[in-house]
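S.K.: Here is a sequence with its predicted model. Questions after.
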Amino acid sequence: MTAETTPTTGDTTGPSGGYAAARLHLLTRGEQTGPPRRAQLARLTDAWLAELLDSGPRPARPARVALVAVGGYGRGELSPRSDLDLLLLHDGGAPRAEIAAVADRLWYPVWDLGIALDHSVRTLAEAHETAADDLKVHLGLLDARHLAGDAALTAELRTGLLARWRSRAATRLPELRALGQERAHRHGELPFLLEPDLKEARGGLRDATALRAVAASWVADAPRQGLDAARNVLLDVRDALHLVTGRATDRLALEDQDQVARALGLLDADTLLRRVYEAARTISYASDVTWREVGRVLRARSARRGLRGLIGGSRGIRRPPAEERAPLADGVVEHEGEVVLARSARPDRDPVLPLRAAAAAAQHGLPLALPAVHAMAAADVRLPVPWPAEAREQFITLLGAGPDTVPVWEALEAAGLITRLLPDWERVRCRPQRNAVHRWTVDRHLVETAVRASALTRRVGRPDLLLVAALLHDIGKGWPGDHSVAGETIARDMAARIGFGPTDVDVLATLVRHHLLLIETATRRDLDDPATVAQVSEAVGGAGTLELLHALTEADALATGPAAWSSWRASLLADLVKRVAAGLGDGAEPVRPAPRGRSAATAERLALDALRTGAPVVTLRPGPDGGAADDEALDAEAADAPDEPRPVGVELFVAIPERPGVLPAVAGVLALHRLTVRSAELRSADPAGQGPVLLLQWRVAAEYGSLPQAERLRADLVRALDGSLDIATRLAEREAAYRRPRRRLNAPPPRVTVAAGGSRRATVIEVRAQDAPGLLHRIGRALDAAGVLVRSAHVSTLGANAVDAFYVTGTDDAPLPPEEAAGLVRDIEAALAPGAPQGPATAG
């Protein structure tokens, strides 16, 4: 039973009575729904209005008059309670009384039927003048459609308005974009609202109309894939809403959602909202892409006008070359402010390419170009399960990029790449949360939690596990029952798919299972009761997991909404964590994954070679997927840890007689050759009692391009150590020559600390920082300048986060005094400060 009632007045056999009856039958008893019903309603209304225009006495009709549908009616998008947007257009040659009589003959029957009317009467000149003064009027007239009368007059109006719209696009389109931004600020984002405004919210029908206006300007066109279907979904929902409520409303209120869902034949209100959210996301993404292209085109036009002004229109002047492409990663480049695929990229043969491109885009704060997204989606190349190490690292890098993760994630999702990578994501995608505390859908909340967690990565020893746990903590909400219990099982499967080893999978499952434990205990239980602390300790299991759970709890609350986090809650949580940590002791699990090393015999042989020659010995060995090893003694490496994930990149081994400056020299050479350091181990050995040798084992990957030869690395290292190669200057020169400055990431600041009780024989300096060009080189220089001896070092790059530990002593081989250790911390912090010199390639 619908609430649609179309009153009839007067003679039901006349034009209005016949229209009212036909309209009522179409809306309440007709078999048509959706676009066919809207089109039929428009045709019925067209015929009725045309009959009204022709129904008056002949002498009263001016020579040139036209009835024009504009706005939504002009587009044929008539919902049951839509206004009729009408323009009575005339040439100005008839007396005002005659025009008024024609208008009365049209407007009064509409009002008599109780139909809302937005009407105007204008000459051709008045229509152009009003459109020039009022952007909204101009937008409505762009959809002008002739109904009756002088068709040539309507055609003249349309031609003139379109010509003016295109000629003034440089000013009109920025105004249109600002109008949309203001509307979004007032009404919110439709894909995340529990009671959305289908028309005014971002991603709603107004935005779809704006995209039509942009296309009419000939400046840019919106992505067509799925756009018409998305608009029709919102129109269908609005139709049902009008029929259910009997009101001309665009707000999908909670109390109406069940009825609207039934009217559309959907399972329930959640299914309805999910369909609305999916449509709104399609429109929102299309809007983002379109407005980005509008900005690019308008900037290019402005630049060309400026160039013509400079050269005075002279002929024979060569055009400036097209802006060059700047490489960002293997197969990925920046071009005109977007991330595009390199010409050499092979999406059909490179399953990691979507994650590599996404990580590069997010880390540089750039959008993924639509053609690149489409090319990667069309390739349909699936990652092996479990993912290779590079895919896992790129995924973590994407998650750790902060707010810039969101638009890149949305681009991947719009192309179906997220569910291709993580099939379980489909259960939470666009899933509403009927809780006033939550401001996002389930899937967007998970992404937002990862964004919040990226700011907390300096607080944990395993930032990679924190970021993935943030993304998965509510993954069970797509399944029946307790979402924490269901989520634990799903998280295990997803973590194994992503490529984590069994130990890390256990930690991630624990974090998902107990992601509510700390906040619920802190706010609802007596913290002075020993049983409370004991219960939490038993569930968490270790200090490292507690550290991760603390950060995850805060990130989850911050991503939920303002009501979920406060200084009071933070203090209660900190108190609980402090009590539990005291009971757990100083355990440091989950430990960082240890790199697979050379056999002791091989390391000794290389160390002896370094002592014999008095010079560096450098070897490169491809990783598990990179070809055969150059040392037969290492063939059994994979068998040593069959359940652990494969490492990224190739193994680089350096053996060199101990001397100052080795660490910064090696790290600097790697930076010069654009090698990214994924992990590193440094230790000192004394083979056969012939003198100390530094053994440095690195896991490196080329930022893009091919790997250098080991002999070339060795030659540059020799030059760096003897002073003939000034690494700092070379890095600075290359940075200055770079096409444009690289974007500085909005990352949390570095954290440098002294690990209390880390070692009895050395002072342990821990550095947690955003992986950056030349990072390890700058740390090494600071250690070298301080005059300390690096006895061993353990370097890990987890996604885009560097987690390093340096075991240092004084020249007396003893740990540093507390004041000296504090000074060293300050020196390293100064070396990592934003103003410190850095090169353009990552080296640690």
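M.R.: Happy to help now that I have it. Numbers count the residues shown, from 1 in each chain.

S.K.: so residue 69 touches residue 147, yeah?
M.R.: Yes. Between residue 69 and residue 147 there is a contact under C-beta atoms under 8 Å: 5.4 Å. C-beta coordinates here come from the backbone N, C-alpha and C atoms, glycine included.

S.K.: Can you work out which residues contact both of those two?
M.R.: 46, 86 (C-beta atoms under 8 Å, 6 or more residues apart in numbering).

S.K.: Who has more neighbours out of these two?
M.R.: Taking other C-beta atoms under 10 Å, residue 69 and residue 147 do not tie; residue 69 has more neighbours (26 against 23).

S.K.: quick one: contacts for residue 687?
M.R.: Applying C-beta under 8 Å, 6+ apart, the residues near residue 687 are 604, 607, 608, 611, 693.

S.K.: what is the mean pLDDT for whichever strand or helix holds residue 733?
M.R.: Using DSSP states H and E, residue 733 maps to helix 727-737. In this model, helix 727-737 has a mean pLDDT of 79.

S.K.: burial measure for residue 488, as a count.
M.R.: 21.

S.K.: and it, which of the three is it?
M.R.: For residue 488, the assignment made with DSSP: H, G, I helix; E, B strand; the rest coil gives helix.

S.K.: is it true that it touches residue 511?
M.R.: No. The criterion here is C-beta under 8 Å, and residue 488 misses it with residue 511 at 9.2 Å.

S.K.: other SSEs contacting the helix holding residue 733?
M.R.: helix 662-672, helix 775-785 (3 or more C-beta pairs under 8 Å, 6 or more residues apart in numbering; DSSP states H and E).

S.K.: Alpha carbons only: can I get the following helix or strand past it in CSV?
M.R.: Beyond helix 727-737 in the direction of the C-terminus, DSSP H and E gives the next helix or strand as strand 751-754. Output of strand 751-754 as CSV, limited to C-alpha atoms (Å, rounded to 0.1, in the frame of the first residue of the first chain):
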residue,chain,number,x,y,z
ARG,A,751,61.6,8.2,17.7
VAL,A,752,65.1,7.6,19.0
THR,A,753,65.4,5.9,22.4
VAL,A,754,67.9,4.0,24.6
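
S.K.: if we can go back for a sec, tell me which of the helices and strands packed on helix 727-737 sits most buried.
M.R.: helix 662-672 (a mean of 26; mean count of other C-beta atoms under 10 Å).

S.K.: show me what contacts residue 559?
M.R.: Residue 559 neighbours (C-beta under 8 Å, 6+ apart): 440, 445, 448, 449, 451, 452.

S.K.: what does residue 359 give?
M.R.: So residue 359 contacts 329, 394, 395, 397, 398, 401, 800 (C-beta under 8 Å, 6+ apart).

S.K.: Quick check: helices, which of those residues are part of them?
M.R.: 394, 395, 397, 398 (DSSP state H).

S.K.: measure the closest residue to residue 344 other than its chain neighbours to residue 391 for me?
M.R.: Nearest residue to residue 344, sequence neighbours excluded (C-beta to C-beta, 6 or more residues apart in numbering): residue 331, at 6.8 Å. Between residue 331 and residue 391 the distance is 14 Å, computed by C-beta to C-beta, to the nearest Å.

S.K.: ditto for residue 90
M.R.: Distance from residue 90 to residue 391, by C-beta to C-beta: 66 Å.

S.K.: List the contacts of the helix or strand that contains residue 767.
M.R.: Element membership for residue 767 (DSSP H and E) is strand 763-770. Identification of contacts with strand 763-770 by C-beta under 8 Å, 6+ apart yields 457-458, 461, 463, 745, 747-748, 750-755, 758, 775, 779, 783, 800-809, 815-816, 821, 824-825, 828, 832.

S.K.: hmm, back to that, let's have the ones in helices among the contacts of residue 359 in a markdown table, adding pLDDT.
M.R.: Shown next, in a markdown table, are these (pLDDT from 0 to 100):
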| residue | pLDDT |
| --- | --- |
| 394 | 96 |
| 395 | 98 |
| 397 | 95 |
| 398 | 97 |
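
S.K.: nearest to residue 792, of those?
M.R.: Nearest to residue 792 out of the ones in helices among the contacts of residue 359 is residue 397 (C-beta to C-beta; 26.9 Å).

S.K.: wait, what's in contact with that closest one?
M.R.: Counting by C-beta under 8 Å, 6+ apart, residue 397 touches 359, 362, 363, 799, 800.

S.K.: Report the buried members of these.
M.R.: Among the contacts of residue 397, those classed as buried by 16 or more other C-beta atoms under 10 Å are 359, 362, 363, 799, 800.

S.K.: what's the most distant pair in those?
M.R.: 362 and 799 (10.8 Å).

S.K.: Give me the common contacts of the two.
M.R.: Residues touching both residue 362 and residue 799 (C-beta under 8 Å, 6+ apart): 397, 398.

S.K.: Check which helices and strands the longest helix along the chain sits against.
M.R.: Using DSSP H to assign secondary structure, the helix with the most residues in the chain is helix 269-311. If contacts are counted by 3+ C-beta pairs under 8 Å, 6+ apart, helix 269-311 sits against helix 169-187, helix 205-217, helix 227-245, helix 254-263, helix 405-414.

S.K.: out of these, nearest to residue 143?
M.R.: Evaluated over the helices and strands packed on helix 269-311, closeness to residue 143 peaks at helix 205-217, with 7.4 Å, by C-beta to C-beta.

S.K.: Ranking helices and strands of this protein by mean pLDDT, which lands last?
M.R.: Ranked by mean pLDDT, DSSP states H and E, the helix or strand of the chain with the weakest confidence is helix 637-640, at a mean of 41.

S.K.: What's the first helix or strand after that helix?
M.R.: Following helix 637-640 toward the C-terminus (DSSP H and E): strand 650-657.

S.K.: mind checking how far residue 799 is from residue 389?
M.R.: Counting by C-beta to C-beta - residue 799 and residue 389 are separated by 12 Å.

S.K.: Please apply the same query to residue 521.
M.R.: 36 Å.

S.K.: for the stretch 701-844 of the chain, what are the low-confidence residue spans?
M.R.: 737-745, 835-844 (pLDDT under 70).

S.K.: what's residue 259 in contact with, if anything?
M.R.: Counted by C-beta under 8 Å, 6+ apart, residue 259 has contacts residue 244.

S.K.: For the helix holding residue 733, list every residue counted as buried.
M.R.: Quick answer for helix 727-737 (16+ other C-beta under 10 Å): 727, 728, 730, 731, 732, 734, 735.

S.K.: for stretch 523-540, same thing?
M.R.: Buried residues in stretch 523-540, counting neighbours by 16+ other C-beta under 10 Å, are found at 527, 532, 533, 536, 537, 539, 540.

S.K.: for stretch 363-373, same thing?
M.R.: Buried, per 16+ other C-beta under 10 Å, within stretch 363-373: 363, 364, 365, 366, 367, 368, 369, 370, 372, 373.

S.K.: Not including adjacent chain positions, what is the nearest residue to the first one?
M.R.: Right, the one you point to is residue 363. residue 401 is the one closest to residue 363 (C-beta to C-beta, 6+ apart), at 5.2 Å.

S.K.: What about the one you found, how many residues nearby?
M.R.: If you count neighbours by other C-beta under 10 Å, residue 401 ends up with 28.

S.K.: tell me the contacts of residue 800?
M.R.: Residue 800 is in contact with 359, 363, 396, 397, 400, 401, 747, 770, 771, counting by C-beta under 8 Å, 6+ apart.
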